[in-house]
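*Asks:* My questions concern the predicted model and sequence given below.
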Amino acid sequence: MEEMDALERRLLPPKAKGTPDEFFLLATRRGSLAESEAGTDREQQHLALAALFGGRAFQAGERDADRLSAFLALFRRAQAKQCFPLQLQTVQARIVNHLRVSGGASEPKVLTKKAKTVFTHVAMYMISDAHTFDEISDDDKQWSDDKGMQATVHAGQGLFISTGADGWVRHELRVVDGDDLALLSREYKDLSSSAEPVLLAVPSGVVRLGQPLAKAEECLDVKVEPGVYRVAMYNLKYGEKCVIVANRTDLGNALNELPNGATRYGQSTAGILVT
């Protein structure tokens, strides 16, 4: 026990260097402690540290599929308890992609894509059906604060990218074939943050991305097959580029389910990307 405590003290600082095996031992230990103290105030602390050490194991070179799958399970437990360290969002995506590629998955097949550099002076972009874009824009209750944005996402009417600053950002929207809403493998090295997939209704067959109240010519418009789409969003190179990946789904009557609990500052949630 004393040896494990000493190892944890040595590897806890942000820039501490350890081996994958050492981080695996610490992640497993904290995960077990979380189980033994489930329902207590210490459970969240144990889960947060278990996830932290799991993420550092991957960064230290851990590539064993069973161990990486165990880390993802720890991540999900921490997310469910609202104690998932913010800096692990991108690590989680990289682990998922590594397991996908090592399992023999091919690169996503892109059916349609279009890119454009778009300006915002409200530190935000909105993605919606082109016919409902103006309706949402004209009602600032649907996009001017977290509560309004979450309600719009939950209704399947719009998604949001929060930049934190005004300026120009390059956006690319891709429609892919199949359920895999992944980036291209080479892009994960530039991943800064991501938002989990949610549903977006596109009855008009045109997806529009732009700042609220923008004119059509100021936006990125992409023609797609009318329907309901699952959409994931990715931020690359700390805001230099955002990639929106979508695929058409048959779940026409389904609504999105947002994570329980309040949004934590600086953390992307389903349907709302923080760059």
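*Replies:* Right, received. Where do you want to start?
*Asks:* Span of stretch 237-254 from start to end?
*Replies:* Between the opening and closing residues of stretch 237-254 we find a distance of 33 Å, counting by CA to CA, to the nearest Å.
*Asks:* same check, this time on stretch 204-220
*Replies:* Its start and end residues considered, stretch 204-220 measures 15 Å (CA to CA).
*Asks:* Show me which residues of it are buried.
*Replies:* Within stretch 204-220, the residues that count as buried by 16 or more other CB atoms under 10 Å are 204, 206-214, 219-220. Glycine gets a C-beta too; all of them are placed from N, C-alpha and C.
*Asks:* same question, stretch 4-21
*Replies:* The neighbour-count check on stretch 4-21 (16+ other CB under 10 Å) flags 7-8, 11, 18, 20 as buried.
*Asks:* And for stretch 122-135?
*Replies:* Taking 16+ other CB under 10 Å as the basis for neighbour counts, the residues of stretch 122-135 that come out buried are 124-130, 132-134.
*Asks:* Nearest to residue 245 among those residues?
*Replies:* residue 127 (11.7 Å; CB to CB).
*Asks:* Now do the strands in this structure.
*Replies:* Counting by DSSP state E, the chain has strands at residues 109-120, 124-129, 158-162, 167-177, 191-202, 206-210, 220-223, 227-236, 241-249, 272-274.
*Asks:* Quick check: which of the ones you listed is nearest to residue 102?
*Replies:* Across the strands of the chain, the minimum distance to residue 102, taken as CB to CB, is reached by strand 191-202, at 17.6 Å.
*Asks:* Please name the strands paired to the closest one in the sheet, noting orientation.
*Replies:* The sheet places strand 191-202 alongside strand 227-236 (antiparallel), with pairing taken from DSSP bridges.
*Asks:* distance between the partner strand and the chain's centre?
*Replies:* Shown here is strand 227-236, whose average C-alpha point lies 10 Å from the average C-alpha point of the whole chain (CA atoms, centre = their mean, to the nearest Å).
*Asks:* Please apply the same query to stretch 138-150.
*Replies:* 20 Å.
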